[in-house]
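**Student:** need coordinates for the below:
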Amino acid sequence: MGDAAPLVHTAITITAVVLLILKGKVNPALALVLSAIYLGIVCGLGAEHTLEIVNKGFGDLMAKVGLLIVFGVLLGTLLSALGAIEKLMKLLLRLLGPKLLPYAFALLMGTVLQFIFTDVLLVVSAPLARSLGARIGPGGVPRMAAALALGLEVGVALSVPGIGTMALAGLLDIPLGVMLLYGLPVAAVTIVLTLLLFSALVKRGFWDPERDESPEPPAETGSPGEPPAETGSPDEADVGRGPAPPSTPLLLSLSPLLLALVVIATGAVAEIAGWRSPVVGFLCNPIAGLFLGLICASLIARRRLPRGTVGEMFAEGYRTSGPILVLRGVGGSLAAVVGAVGLGDMVEDCVSAGTWAPLVLVWLIAAVLHMAIGSVITAAITAASILAPLMPDLHVEPVLVALAAGAGSLFAIHATSNTFWLLQTLLGQTTRGALKTVTMSVSAASVIALLLIQTVSLAV
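**Tutor:** Here you go, the predicted structure:
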């Protein structure tokens, strides 16, 4: 194979990851480790040295994002227990009315509420989306369903504090504040433009209630998902229609989240402005921001929730964050091996003509991986890990590569994705309906995000 060996074996490695997960039903973490070991050995690193690199890659990434992920999951779990989502929806419904509600709902899901782990956020918000969709007029059901799907998926892949976004930032050594400053606008504009496009299609008959909506409410949602019998403008008292959230004022329940975001954003501004001091360096560290937010949330929860609830929420957060940490860490292992086998010069020759080429390349790799294995975060991490060691030679801003990997991982969410089936069931849609509100809408967001990222690349 000569000089082409690293490129050929990297292609074989990506294919092996897909086949092991899709056909062999191998756990994604195990598949990534096996593929990393294969790549190192066949490229001449030796078995012992390959294992050292795999271990170091795992540890290096955990050192960057481990505490961020754990603190973020714990903070989100406490916010969910405090009933922050229900209170936000009531406020938005009162202030914005039904016309703008889907956009506000999607933006919240895709930005500030990403501190709440995706599965928890989905289960909590799906009954709200379904109930409100039946009450905001014609096309409300598909618009709210698409808003929920877009907010969940785009937020995970493109917006801090999405779990996937934070992992990508750690993998490519991007300051979290920089990731926030770039990713948040891209995610927000992507969500709004996609929802505008979807809403226009719905007005032109794209949605068929008889064929796209399930006649029976899903068992998982119970009464919160049932559309009310009365008609007219929505009443904020009906939002969620489940057990009343804890009687915690909205501003108080959201204050830990706001504190964390302000600290992280301040750190980004301080870095850009060149502010230097021990106090600024400590307080503006993303770990410090999340830790302060977590302490604040714990204090509020201890005062507002029943005795023992905080301990239960921490236990749930630890159970949730464990698999996330393992999967992110082995993504770092693969990235370390890719860097060690000397792929850089070859890829640089192929894609260094302009910033568009590496961005499209990483988008395509992530899209293909996602279509095969059905995991947004795994696809994004694996795609970014291919180019992570090449950043110094490609003359492309690492934050744009991270966003392109995240955007590509959103393409074609379908039957291989657990989220697809959860959205289909919890929102009371047929498979045909879910293909419209989930697969088509989020795939459109994937392409729109890539176009936005390419546009940003022209100015940086």
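**Student:** what's stretch 183-199 in contact with?
**Tutor:** The contact list for stretch 183-199, computed with Cβ atoms under 8 Å, 6 or more residues apart in numbering, reads 102-103, 106-107, 110-111, 139, 142-143, 146-147, 150-151, 154-155, 158-160, 165, 206, 399, 402-403, 406-407, 437, 440-442, 444-445, 448-449, 452-453, 456. Using the backbone N, CA and C atoms, a C-beta is placed for each residue, glycine as well.
**Student:** among those, name the ones in helices.
**Tutor:** The helices, defined by DSSP state H, take in 102-103, 106-107, 110, 142-143, 146-147, 150-151, 154-155, 158, 165, 399, 402-403, 406-407, 441-442, 444-445, 448-449, 452-453, 456 from the contacts of stretch 183-199.
**Student:** which residues of the stretch 151-300 of the chain score low on pLDDT?
**Tutor:** Along the stretch 151-300 of the chain, the model assigns pLDDT under 70 to residues 215-247, 268, 271-272, 284.
**Student:** check contacts around the residue most central in space within the chain.
**Tutor:** Closest to where the C-alpha atoms of the chain average out (Cα atoms, centre = their mean) is V156, at 0.8 Å. By Cβ under 8 Å, 6+ apart, the contact list for V156 reads Q114, T118, G162, I163, G164, T165, V376, I377.
**Student:** drop anything exposed from the contacts of stretch 183-199.
**Tutor:** Among the contacts of stretch 183-199, the ones that count as buried by 16 or more other Cβ atoms under 10 Å are 102-103, 106-107, 110-111, 139, 142-143, 146-147, 150-151, 154-155, 158-160, 165, 399, 402-403, 406-407, 437, 440-442, 444-445, 448-449, 452-453, 456.
**Student:** the stretch 101-250 of the chain: strands as residue ranges?
**Tutor:** Taking DSSP state E, counting those that start in this stretch, the stretch 101-250 of the chain contains no strands at all.
**Student:** then the stretch 301-450 of the chain?
**Tutor:** Taking DSSP E, counting those that start in this stretch as the criterion, the stretch 301-450 of the chain carries no strands.
**Student:** which one of the contacts of V156 sits closest to V262?
**Tutor:** Within the contacts of V156, the smallest distance to V262 is 15.9 Å, found for Q114 (Cβ to Cβ).
**Student:** and that closest one, how many neighbours?
**Tutor:** Counted by other Cβ atoms under 10 Å, the residues lying close to Q114 total 29.
**Student:** let's have the chain start at 39 instead
**Tutor:** Sure, I'll start counting at 39 from here, so that last one is Q152.
**Student:** flag the shaky bits of the stretch 389-498 of the chain, pLDDT-wise.
**Tutor:** Filtered on pLDDT under 70, the stretch 389-498 of the chain yields the residue ranges 389-394, 410-412, 427-432, 453-456.
**Student:** at 80 what do you get?
**Tutor:** 389-396, 407-413, 416, 420, 423-433, 452-457, 459-460, 463-464, 498 (pLDDT under 80).
**Student:** list the buried residues for the longest helix along the chain?
**Tutor:** Counting residues, the longest helix found in the chain (DSSP H) is helix 85-119. Judged by neighbour count using 16+ other Cβ under 10 Å, the buried positions of helix 85-119 are 88-89, 91-92, 95-96, 98-100, 102-104, 106-119.
**Student:** and the helix or strand following it, which residues are buried?
**Tutor:** The helix or strand immediately downstream of helix 85-119 is helix 122-134, counting by DSSP states H and E. For helix 122-134, burial by neighbour count (16+ other Cβ under 10 Å) applies to A122, I123, E124, K125, L126, M127, K128, L130, L131.
**Student:** report pLDDT for the third one.
**Tutor:** The model reports E124 with a pLDDT of 70.
**Student:** kindly provide the distance from it to L160.
**Tutor:** Using Cβ to Cβ, to the nearest Å, E124 is found at 15 Å from L160.
**Student:** and the fourth one, by the same measure?
**Tutor:** Using Cβ to Cβ, K125 is found at 18 Å from L160.
**Student:** show me the contact partners of stretch 470-486.
**Tutor:** Residues outside stretch 470-486 that contact it (Cβ under 8 Å, 6+ apart): 180, 183-184, 187-188, 191-192, 228-229, 231-233, 235-236, 244-245, 249-252, 401, 405, 445-452, 457-459, 461-462, 465, 467.
**Student:** so how far does that stretch reach from one end to the other?
**Tutor:** Using Cα to Cα, to the nearest Å, the gap from the first to the last residue of stretch 470-486 comes to 23 Å.
**Student:** could you report the neighbour count for the nearest residue to V498 once chain neighbours are set aside?
**Tutor:** For V498, ignoring the flanking residues on the chain, the nearest one in space by Cβ to Cβ, 6 or more residues apart in numbering is E435 at 5.4 Å. When neighbours are counted by other Cβ under 10 Å, E435 registers 19.
**Student:** go on, the one 4 residues further on?
**Tutor:** Using other Cβ under 10 Å as the criterion, V439 is surrounded by 30 other residues.
**Student:** and for the one 3 residues further on?
**Tutor:** Counted by other Cβ under 10 Å, the residues lying close to A442 total 32.
**Student:** and what of the one 10 residues further on?
**Tutor:** The tally of other residues near H452 (other Cβ under 10 Å) stands at 18.
**Student:** residues contacting it?
**Tutor:** H452 makes contacts with M409, G412, F458, L473, T477, as judged by Cβ under 8 Å, 6+ apart.
**Student:** which of those residues sits closest to T286?
**Tutor:** F458 (33.3 Å).
**Student:** the closest one against I451, yeah?
**Tutor:** Yes. Under the criterion of Cβ atoms under 8 Å, F458 is in contact with I451, at a separation of 5.5 Å.
**Student:** higher neighbour count, those two?
**Tutor:** I451 (27 against 21).
**Student:** quick one, phi psi at the more buried one?
**Tutor:** phi -70, psi 120 (degrees, to the nearest 10).
**Student:** how near is the residue lying closest to it once chain neighbours are set aside to R181?
**Tutor:** Spatial nearest neighbour of I451, chain neighbours left out: V480 (5.1 Å); criterion: Cβ to Cβ, 6+ apart. Shown here: V480 relative to R181, a distance of 14 Å by Cβ to Cβ.
**Student:** same thing with V240?
**Tutor:** 6 Å.
**Student:** can you check V400 too?
**Tutor:** Counting by Cβ to Cβ, the gap from V400 to R181 is 31 Å.
**Student:** with G327 instead?
**Tutor:** To R181, G327 is 34 Å away according to Cβ to Cβ.
**Student:** from memory L218 sits against V300, does it?
**Tutor:** No. Using Cβ under 8 Å as the test, L218 is too far from V300 to be in contact (11.1 Å).
**Student:** what about those two, which has more around it?
**Tutor:** A count of neighbours by other Cβ under 10 Å puts L218 above the other of L218 and V300, at 25 against 14.
**Student:** contacting residues for the closest residue to that one other than its chain neighbours?
**Tutor:** Counting by Cβ to Cβ, 6+ apart, V198 is the residue found nearest to L218 once chain neighbours are left out, at 4.1 Å. Counting by Cβ under 8 Å, 6+ apart, V198 touches Q152, M204, A207, L214, M217, L218, G221, L222, I302.
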